[in-house]
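Novice: Have a look; sequence and predicted model below, questions after that.
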Amino acid sequence: MNSAGMQYLESRLMFGMVPGLESTFKICEALGNPQESFCTIHVVGTNGKGSCSYYLAGVLQAHGIRTGLYTSPHLISLRERIRVNDTPVSDADLDRLFLQVKAAAEIARVEPTFFEVVTVAAFLYYREQGVQVAVLEAGMGGRLDSTAVACGNIAVVTSIGLEHTEVLGATESAILREKMGVMPQGTAQGPDGTAQAKTFIVGGLSLELLQEARDFAAAVEAEILVPEIREDIELPNLGRHYVENASLSLAAAELFLRQASGDFPDAQPYSDGLALETLKKRSWPGRMQQLFDGDGTLRFILDGTHNSHAARRLAETLDRYFPGQKFPCVFGALKDKDVEEMLRFLVPYVSEWHLVRTPYERFREPSEIAGILEKMGAVVASTGPLSREVLDSVSDKVKRPALVTGSLYMIGEVIDLLKNDFEGLAFFRGLTKATNEHR
């Protein structure tokens with residue numbers, strides 16, 4: 001896709017990431033405030049935002065709600081970020097929407113960032129498509145994230161850890177406040193314009209942070225709901241953390257459907273049975289995703305382990321589901337990640353390492369990672385560019401699956417290489433690679 005709209009979007013990369021809502025508000029105003037045409041549920045947190053959003057959107061859709069889903073980053077195509085009832089926006093619509101945002105930005109006399117353009121394009125598309133509720137994954141933080149201009153009365157907080165400390169703050173407490181800041185002060189309105197209670201649905205917090213969350217919620221006149229982790233959830237994605245995220249999604253779906261009762265005539269009341277059946281088939285791609293071949297043999301485990309928190313979770317999951325096993329591992333990471341800490345968690349579960357890089361300029365050189373692993377006494381079997389040949393050789397070499405983990409950029413490249421051969425990646429067929437920039 002090398003259209004005028006995409007060219008405009010890519011021209012926005014020069015502005016980097018600029019936290020703040022002023023530009024987004026001005027562009028939305030010039031477009032007639034499309035973000036006011038649908039209900040919003042925000043999902044914020046350090047890890048787990050994407051899966052929680054994906055599970056939540058699926059459950060709402062199953063109950064007859066026309067649902068928009070906005071996530072980032074994408075794995076292959078920008079189209080993944082903007083979906084209505086699980087169908088990604090088309091290339092033609094994206095081009096048209098980006099040009100509409102461009103025209104509005106010129107009227108408003110602002111220079112939006114990459115993420116701001118995509119966010120406003122999503123709002124426009126959801127208005128066009130008659131979306132009833134949009135599940136919005138915040139890009140970074142919450143208070144100053146451009147998605148925050150769409151105000152809802154439900155926000156999910158999945159987890160809190162140290163990330164983007166130069167913007168969000170140096171402590172988990174500061175980061176918590178920034179993320180919960182996605183919920184503005186004042187009274188929230190429901191679909192019919194009446195006042196509704198605001199609610200934070202919170203999981204994955206220490207007792208100390210949970211008390212801070214309660215204090216913050218009280219200050220913005222919101223309630224706090226801390227749902228129990230469900231023991232009856234079955235998911236295609238392996239790992240206790242995905243059950244935790246799905247538990248939050250079920251609580252959010254039940255609350256929204258209860259509040260919206262009567263507002264959407266075609267929707268049905270919340271059904272726990274329907275929700276659980278929906279989750280059984282809802283696989284969040286590239287995150288503890290198992291890929292089986294036509295014979296039912298597990299060939300690959302894909303997991304976007306992009307920071308040390310995620311690496312610890314991956315280690316816990318491997319220990320639980322594959323006790324005592326070691327895997328050949330394809331691994332690649334970006335320059336700005338604490339690779340050494342990530343590798344410490346994973347070394348006990350890897351028999352041999354195949355270190356790769358993609359053409360993306362922010363990728364760390366495999367030879368540098370090899371040096372770190374060799375100091376840990378690990379076996380480095382190969383280094384070089386990522387290719388289908390590397391994946392096939394690693395998977396075929398032993399009668400156990402290959403673990404493919406590290407940067408989401410790399411996971412996206414792997415999915416693009418494998419998408420035509422595994423049913424678990426069928427969603428990506430027909431999607432072509434766009435810019436490899438995930439801001």
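Specialist: Good, I have the coordinates. Residues are numbered from 1 along each chain as shown.
Novice: how near is the residue most central in space within the chain to Thr158?
Specialist: With distances taken as CA atoms, centre = their mean, Gly50 lies nearest the centre of the chain, 2.5 Å away. In this view, Gly50 and Thr158 are 9 Å apart by CB to CB, to the nearest Å. Bear in mind the C-beta positions are built from the backbone N, C-alpha and C, glycine included.
Novice: you'd agree Ala138 is up against Glu178?
Specialist: No - if you go by CB atoms under 8 Å, Ala138 and Glu178 don't touch, sitting 9.9 Å apart.
Novice: Is Leu255 part of a helix or strand, or is it coil?
Specialist: helix (DSSP: H, G, I helix; E, B strand; the rest coil).
Novice: Could I get the contacting residues of Ala310?
Specialist: Contacts for Ala310 (CB atoms under 8 Å, 6 or more residues apart in numbering) come out as 47, 303-304, 342.
Novice: Looking at those residues, point me to the pair that's furthest apart.
Specialist: Largest separation among those by CB to CB: Asn47 and Met342, giving 13.1 Å.
Novice: So between these two, which is more surrounded?
Specialist: For Asn47 versus Met342, the count of surrounding residues by other CB atoms under 10 Å is larger for Met342: 26 against 21.
Novice: secondary structure element for the more buried one?
Specialist: Element membership of Met342, judged by DSSP states H and E, is helix 339-346.
Novice: For the chain, give me the ranges with low pLDDT.
Specialist: 1, 162-167, 169, 185-195, 397-398, 435-439 (pLDDT under 70).
Novice: how's it carved up into domains?
Specialist: 4-280, 289-428 (automatic domain parsing).
Novice: Deepest-packed of those domains, please.
Specialist: Burial of those is given as mean neighbour count (mean count of other CB atoms under 10 Å); domain 4-280 ranks first at a mean of 20.
Novice: Quick one: end-to-end distance for that domain.
Specialist: Terminal residues of domain 4-280 are spaced 41 Å apart (CA to CA, to the nearest Å).
Novice: Run me through the strand neighbours of the lengthiest strand in the chain, direction for each.
Specialist: Selection of the longest strand in the chain by residue count, based on DSSP state E, yields strand 350-357. Here strand 350-357 has these sheet partners by DSSP bridges: strand 327-332 (parallel), strand 380-385 (parallel).
Novice: Cross-check the contact I'm expecting between Pro401 and Asp303.
Specialist: No - counting by CB under 8 Å, Pro401 stays clear of Asp303, with 11.7 Å between them.
Novice: coming back round to it: got the contact list for the longest strand of the chain?
Specialist: 326-332, 363-367, 369-370, 373, 378-386, 390, 394, 398, 403, 410.
Novice: and Val44, what does it touch?
Specialist: Here Val44 is in contact with 138, 141-142, 145, 155-158, 179-180, 182 (CB under 8 Å, 6+ apart).
Novice: From those residues, pick the one nearest Asp416.
Specialist: Ala138 (26.1 Å).
Novice: re earlier: sticking with the residue nearest to the centre of the chain, tell me its helix or strand.
Specialist: Going by DSSP H and E, Gly50 is in helix 49-62.
Novice: Alpha carbons only: can I get that helix in CSV?
Specialist: Written as CSV, here are the backbone C-alpha positions of helix 49-62 (Å, rounded to 0.1, in the frame of the first residue of the first chain):
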residue,chain,number,x,y,z
LYS,A,49,-3.7,-4.7,27.2
GLY,A,50,-4.0,-6.2,23.7
SER,A,51,-5.2,-9.7,24.8
CYS,A,52,-7.7,-8.1,27.3
SER,A,53,-9.0,-5.8,24.6
TYR,A,54,-9.3,-8.7,22.1
TYR,A,55,-11.1,-11.0,24.5
LEU,A,56,-13.5,-8.2,25.6
ALA,A,57,-14.4,-7.2,22.0
GLY,A,58,-15.1,-10.8,21.1
VAL,A,59,-17.5,-11.3,24.1
LEU,A,60,-19.4,-8.0,23.4
GLN,A,61,-19.7,-9.0,19.7
ALA,A,62,-21.1,-12.4,20.6
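Novice: Remind me what that helix packs against, helices and strands.
Specialist: Applying 3 or more CB pairs under 8 Å, 6 or more residues apart in numbering; DSSP states H and E, one finds that helix 49-62 contacts strand 39-44, strand 67-70, strand 133-137, helix 240-259, helix 272-280.
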